[in-house]
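A.B. asks: This is a predicted model, with the sequence first.
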Amino acid sequence: MESIKCIGCGAELQTEEKNKPGFIPASGLDKEEPICKRCYRLKHYNEVMDIDVDSGEFMTMLNALYETEGLIVKVIDVFDFHGSLIPAFNRIVGDKKVVAVINKIDLLPKSINRGRLVHRAKQMLSEAGITAVDTVVVSAMKNEGIDKLVDKLSGYADGKDIYVVGTTNVGKSTLINRLIENTSGDREVITTSRFPGTTLDLIDIPLDENAFIYDTPGVVMDSQMAHYVGTGDLKYITPVKEIKPKGFQLDPQQTLFISNLARLDFVDGDRNSFIVYTNHALNIHRTKTENADAFYEKHFNTLLAPPELDTAYLSESYEIFEFDIEEDSDISISGLAFIRVGAGAKVAVRVPKGIDVTSRPTIF
Ligand code: GDP
């Protein structure tokens, strides 16, 4: 195909990959002034679509951000804190102000201690080398905390542009759509534009007279579960409504399977409680550790599904993370679950190779 550019954003038009910049259905190419699907949705529905880029392009874009002035909004998925962090973020941001937005608060039980959550979020950001001027808790989906966020953003931006960044699946598009609703009123809404020096298009949303909000594409981190299941199966693992934690009292040498994507072996310690926070659609199974391998082989695509897997990851391509839990902690399996474990347990967590598993003091 001869290269034609989208008149909205300038991205090269292509008909092959739906989630990449410049996608247009083949029929659209015959139009006189072709625009990509993303610009089309923006123009006609005021709605942004997810565009994913690979990590190389993502880093190029972020590096270009370094040169600009503005406010950075770093979106973090409360359910996958670790997977929300962008490597080398701080170097890229330079001395720009950062507002951390902790999204998807609706997933956690209403009774949680929010003060502790914000305190822990700040600690974890600071451990990752990120200093935020403010940490705001929201639910983009439920429109909770968005008004307050808009006010704060106008204040911190002080007339400068705002860039919303985040890894994929943290809720960036959902948040941007909320910001559009909350800021545009009946003004001419959006144009898209090319970010200087990169092939990436960004979306301008007028916040006030001077400032625009730019939506940057997301990047799928190799360490996120989203990398391992098909997009169709993401619905099983990304929780969408309030998580009902499931508690188990385990003896050592017992194993919990979290669907066919992770298993936690309770290696040693006194009888202990394990509370699993995960999408309710996933099956959780308890077995004896000595039977766990055989159980997985036999049931990975039946009792332990969904999702349905092409590869039996936990027997064919896996990694094991071991933890000696010294204080009550959450073991976080990026994008899939976190498991609250009481002090004194020694555990081993098995996941598909490449997925990150971390242990941290409880987050609420
Ligand atoms: P992006 O890849 O960062 O742009 O993320 P999306 O906006 O596409 O959202 C990823 C997934 O998280 C989708 O299934 C959204 O419905 C869901 N999501 C986004 N925001 C929220 C939220 O505030 N709460 C909940 N429960 N889910 C959300």
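C.D. replies: Okay, I see it. Numbering: from 1, shown residues only.
A.B. asks: bridging residues for the residue of the stretch 201-350 of the chain found nearest the ligand?
C.D. replies: Taking Cβ to the nearest ligand atom, the ligand has its nearest neighbour within the stretch 201-350 of the chain at residue 218, 4.5 Å off. In this view, the C-beta of every residue, glycine as well, is placed from N, C-alpha and C. Using DSSP bridges, the beta-bridge partners of residue 218 come out as residue 52.
A.B. asks: Hmm, residue 164 and it touching each other?
C.D. replies: No: contact criterion Cβ atoms under 8 Å: residue 218 and residue 164 do not qualify, at 9.9 Å.
A.B. asks: what pLDDT does residue 192 get?
C.D. replies: Residue 192 is assigned a predicted lDDT (pLDDT) of 54.
A.B. asks: Strands along the stretch 101-250 of the chain, start to end?
C.D. replies: For the stretch 101-250 of the chain, the strands defined by DSSP state E, counting those that start in this stretch cover 134-137, 162-165, 191-194, 201-206, 212-215, 218-219, 246-250.
A.B. asks: list residues touching both of residue 218 and residue 164?
C.D. replies: Residues touching both residue 218 and residue 164 (Cβ atoms under 8 Å, 6 or more residues apart in numbering) are residue 172.
A.B. asks: if we can go back for a sec, check the strands of the stretch 101-250 of the chain for me: which has the lowest mean pLDDT.
C.D. replies: Lowest mean pLDDT within those: strand 191-194, a mean of 53.
A.B. asks: was I right about residue 125 contacting residue 133?
C.D. replies: No: counting by Cβ under 8 Å, residue 125 sits too far from residue 133 to count as a contact (11.4 Å).
A.B. asks: hang on, residue 56 in a helix?
C.D. replies: Yes: assignment of residue 56 by DSSP: H, G, I helix; E, B strand; the rest coil places it within a helix.
A.B. asks: how near is it to the ligand?
C.D. replies: As defined by Cβ to the nearest ligand atom, to the nearest Å, residue 56 lies at a distance of 18 Å from the ligand.
A.B. asks: Could you report the pLDDT at that residue?
C.D. replies: We note a pLDDT of 74 for residue 56 in this prediction.
A.B. asks: From residue 352, how far off is residue 318?
C.D. replies: From residue 318 across to residue 352, the span is 6 Å (Cβ to Cβ, to the nearest Å).
A.B. asks: what sits against residue 31?
C.D. replies: With contact set as Cβ under 8 Å, 6+ apart, residue 31 has no partners.
A.B. asks: Can you tell me how far it is from residue 8?
C.D. replies: 12 Å.
A.B. asks: Check residue 110 too.
C.D. replies: In terms of Cβ to Cβ, residue 110 sits 41 Å off from residue 8.
A.B. asks: neighbours around whatever residue of the stretch 1-150 of the chain ends up closest to the ligand, how many?
C.D. replies: The nearest approach of the stretch 1-150 of the chain to the ligand comes at residue 141, 3.3 Å away (Cβ to the nearest ligand atom). Neighbourhood size, residue 141 [other Cβ atoms under 10 Å]: 18.
A.B. asks: my guess is it meets residue 106, correct?
C.D. replies: Yes: counting by Cβ under 8 Å, residue 106 is a contact partner of residue 141 at 6.3 Å.
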